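Colleague: Attaching a predicted model along with its sequence, questions to come.
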Amino acid sequence: MSSYTVAQNTSFLTVASVLQKVISFFYFIFVARMIQVENTGVYFFAITFTTIFTVVADFGMGPVLTREAARFPDRAESYFNTVFWTKMMFGAGAYLLVIIFANILKYPETTKLLIYISGITMFFDNLTTSFNSIFRAKKNLIYESLGVIGSQFITLLIGTFALLNHWPLVWLILAYTIPSFLNLIYISGFLKKVYRIGVRFVWNSEVFRIFLATALPFALAGIIGRLYSYSDSLLMSKMLTAKELGWWSVPYKITFAFQFIPVALSASVYPVFSSLFLSEKTAIGPLFEKSWRYLFAVVFPVALGLMAVADPVVRLVFGQQYAPSVVPLRILLVSLIFGFLSFITGALLNATNKQKTQTKLIASVLVVNVILNLILLPRLRIDGAAIAALTSNALLCLGGLYFASRQVYINFKNILRYMNQTLWPALAMAAVVYFLSFRMHYLLTIVIGGIIYLTLICFTGVINKQNISIVINKIKLKSKVV
């Protein structure tokens, strides 16, 4: 089975993630409208709580497995099995920690039950990433993409059936656990079929020691990163009410729905960064610049456009009971811009053996985030959490860019030019959309805004005859192959 290009792998995972996020987003809307705001808060927190411990289960082994299997393909099976059994042990330990901390923090019994079941989902998902790491090392993301879509579709079916039949809240968590197990079976079967790599009772202690030492910075960065991403929800669970957590879940889910874009791109460029670091280090900078250019073209219109229609979107889609979510949503959309870009800086630093630098950066930002939340939550409630997130993401992005530029040459003139080509068209589009949102349905204003943005970026050179010709030629080439 041949590998795919960065563009092809990005397309596979982007399409899969788009479908997964679309299904997940509409499913969450259905959940939020069917159950009370307080129950939405409990449901959201149970999933969030266990997500914090996923990095303990993985312990940084996933990125290391991808990197080393990409560099040394002949050792992939030995690496895979050692990592798989390591993840099995660490996953069990992580689940035990979930139970311990849920009891130490004295959450209500219903919340703890949801957390326990969500922890099982975490265990299955952690094992699945071992298989996905090999596919990523082989530059073949199509099977992971199919698994992403299939899992979310099964979640939708089970969850919808449970909601329509008014089953207990626990079924909304089981709707994730069941497809997680099925996805593990699926991806393991196809790794065996495609690359003849399967689970064996093989343990290489030398590989384990090397990987553990290499993964430690990844693990520390991951643990700190999870705390950074979810510390606000953890603090809110003790400082705010379940209803406020429910309000917070809406802007969080809306902004999180778009993270598939930088995730897919970083997953595709990470092994390429790793390979180039050994063979052609000077090529990393231009690839980094192109990655940011792609993200600029997407995140500016998404963030600024949604800011313009935040009020009607929240009130009409989720209901009037979620009106307090509007202000934090607008703040988090600005934060989304920095969050997008920091995915690529993080991928570059990790791929160039600068895990420790990335870890220290995230740790510093985590401290800032926690301090800001402790100060702002009692005063501004969920608005304060959004402000803390914006400040922290900006620091993470700019700090990452600084350290990345010290590792490889980055042409900042190119980055500023790419930003200029997309920022002012997005600002103009957002201004028109905001003006029209008071006079017509928000869906129509989004369509009009999209047309305006596409027209303006044609003038700035983001879309030109050369780009169009490349796309047309690729389509023709694929048609001939088919």
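Modeller: That came through fine.
Colleague: where in the chain is pLDDT low?
Modeller: Per-residue confidence of the chain (counting by pLDDT under 70) places the weak regions at 1-3, 6-7, 10, 464-482.
Colleague: how about the strands in it?
Modeller: Using DSSP state E, the strands of the chain do not appear at all; there are none.
Colleague: Could you pick out the longest helix of it?
Modeller: The single longest helix within the chain, with elements called by DSSP state H, is helix 205-239.
Colleague: For that helix, which helices and strands make contact with it?
Modeller: helix 37-58, helix 61-71, helix 76-104, helix 242-256, helix 355-380, helix 382-407 (3 or more C-beta pairs under 8 Å, 6 or more residues apart in numbering; DSSP states H and E). From N, CA and C alone the C-beta is placed, and that goes for glycine too.
Colleague: Now tabulate the ones you listed in JSON lines and tack on distance to S133.
Modeller: As requested, those are arranged in JSON lines below (distance: least, C-beta to C-beta, whole Å):
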{"stretch": "helix 37-58", "distance to S133": "10"}
{"stretch": "helix 61-71", "distance to S133": "4"}
{"stretch": "helix 76-104", "distance to S133": "7"}
{"stretch": "helix 242-256", "distance to S133": "23"}
{"stretch": "helix 355-380", "distance to S133": "16"}
{"stretch": "helix 382-407", "distance to S133": "23"}
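Colleague: now these in a markdown table, with mean neighbour count?
Modeller: Conversion of the helices and strands packed on helix 205-239 to a markdown table gives the following (neighbours: other C-beta atoms under 10 Å):
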| stretch | mean neighbour count |
| --- | --- |
| helix 37-58 | 23 |
| helix 61-71 | 24 |
| helix 76-104 | 18 |
| helix 242-256 | 24 |
| helix 355-380 | 18 |
| helix 382-407 | 21 |
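Colleague: Those helices: which one's closest to Y418?
Modeller: Shortest distance between Y418 and the helices and strands packed on helix 205-239, using C-beta to C-beta, is found for helix 382-407: 13.4 Å.
Colleague: For that closest one, name the packing helices and strands.
Modeller: When contacts are defined as 3+ C-beta pairs under 8 Å, 6+ apart, helix 382-407 packs onto helix 205-239, helix 242-256, helix 326-351, helix 355-380.
Colleague: That one to helix 355-380, inter-axis angle?
Modeller: Put simply, helix 382-407 runs at 160 degrees to helix 355-380, going by axes from the mean of the first three to the mean of the last three C-alpha atoms, to 10 degrees.
Colleague: Now do helix 382-407 against helix 205-239, angle only.
Modeller: Using the same axes, to 10 degrees, the direction of helix 382-407 lies 150 degrees away from that of helix 205-239.
Colleague: what separates helix 382-407 from the chain centre, distance-wise?
Modeller: Using C-alpha atoms, centre = their mean, to the nearest Å, we find the averaged C-alpha position of helix 382-407 to lie 16 Å away from the chain's own average C-alpha position.
Colleague: OK, contacts around the residue lying closest to E144 once chain neighbours are set aside?
Modeller: Of all residues not flanking E144 in the chain, N132 sits nearest, at 4.7 Å (C-beta to C-beta, 6 or more residues apart in numbering). Residues in contact with N132, defined by C-beta atoms under 8 Å, 6 or more residues apart in numbering, are 62, 144, 147, 187.
Colleague: The last one touches I142, doesn't it?
Modeller: No - under the contact definition of C-beta atoms under 8 Å, I187 does not touch I142, with a separation of 11.5 Å.
Colleague: Looking only at neighbour counts, state which of these two leads.
Modeller: Neighbours per residue, other C-beta atoms under 10 Å: of I187 and I142, the larger number sits with I187, 23 against 19.
Colleague: residue contacts, the more buried one?
Modeller: Under the criterion of C-beta under 8 Å, 6+ apart, the contact list for I187 reads 128, 131-132, 135, 143-144, 147.
Colleague: how close does the closest residue to it other than its chain neighbours sit to K87?
Modeller: Closest residue to I187 apart from its sequence neighbours, by C-beta to C-beta, 6+ apart: F131 at 4.4 Å. Shown here: F131 relative to K87, a distance of 10 Å by C-beta to C-beta, to the nearest Å.
Colleague: same thing with Q407?
Modeller: Looking at Q407 against K87, where the rule is C-beta to C-beta, the gap reads 29 Å.
Colleague: Ok, V56 next?
Modeller: Taking C-beta to C-beta as the measure, V56 and K87 are separated by 11 Å.
Colleague: Go through the contacts of I187 and name the one nearest L234.
Modeller: Ranking those by separation from L234, with C-beta to C-beta as the measure, puts T128 on top at 25.0 Å.
Colleague: which residues touch the closest one?
Modeller: Counting by C-beta under 8 Å, 6+ apart, T128 touches 147, 180, 183-184, 187.
Colleague: which of the residues you listed are buried?
Modeller: 147, 180, 183-184, 187 (16 or more other C-beta atoms under 10 Å).
Colleague: is it possible to export those residues to TSV including distance to K354?
Modeller: Listed next are those as TSV, based on distance: C-beta to C-beta, whole Å:
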residue	distance to K354
G147	31
S180	32
N183	32
L184	32
I187	30
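Colleague: so which two of the residues you listed are the farthest from each other?
Modeller: Farthest pair in the buried ones among the contacts of T128, by C-beta to C-beta: S180 and I187, 11.0 Å.
Colleague: follow-up on the earlier one: make TSV from the contacts of I187 and add distance to F101 to it.
Modeller: As requested, these are exported to TSV (distance: C-beta to C-beta, whole Å):
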residue	distance to F101
T128	24
F131	28
N132	27
F135	32
Y143	34
E144	30
G147	29
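Colleague: Which of these fall in helices?
Modeller: 128, 131-132, 135, 143-144, 147.
Colleague: Now do the buried residues in stretch 272-280.
Modeller: Within stretch 272-280, the residues scored as buried using 16+ other C-beta under 10 Å are 272-277.
Colleague: wait, I meant stretch 410-421
Modeller: By neighbour count on 16+ other C-beta under 10 Å, the buried set for stretch 410-421 is 410, 414-415, 418-419, 421.
Colleague: swap in stretch 150-170?
Modeller: Of all the residues in stretch 150-170, those buried under the rule 16+ other C-beta under 10 Å are 150-152, 154-156, 158-159, 162-163, 169-170.
Colleague: I'd like the distance from it to the chain centre, please.
Modeller: With C-alpha atoms, centre = their mean as the basis, the distance from the averaged C-alpha position of stretch 150-170 to the chain average is 23 Å.
Colleague: which outside residues touch that stretch?
Modeller: Surrounding stretch 150-170, the residues in contact under the criterion C-beta under 8 Å, 6+ apart are 19-20, 23-24, 27, 30-31, 34-35, 39, 42-43, 110, 113-114, 117, 171-172, 174-176, 178-180, 182-183, 186.
Colleague: out of these, which are buried?
Modeller: Buried among the contacts of stretch 150-170 (16+ other C-beta under 10 Å): 19-20, 23-24, 27, 31, 34-35, 39, 42-43, 113-114, 117, 171-172, 174-176, 178-180, 183, 186.
Colleague: thinking again about what came up before, give me the subset of the contacts of T128 lying in helices.
Modeller: Among the contacts of T128, the members falling in helices (DSSP H) are 147, 180, 183-184, 187.
Colleague: With that, I have no additional questions.
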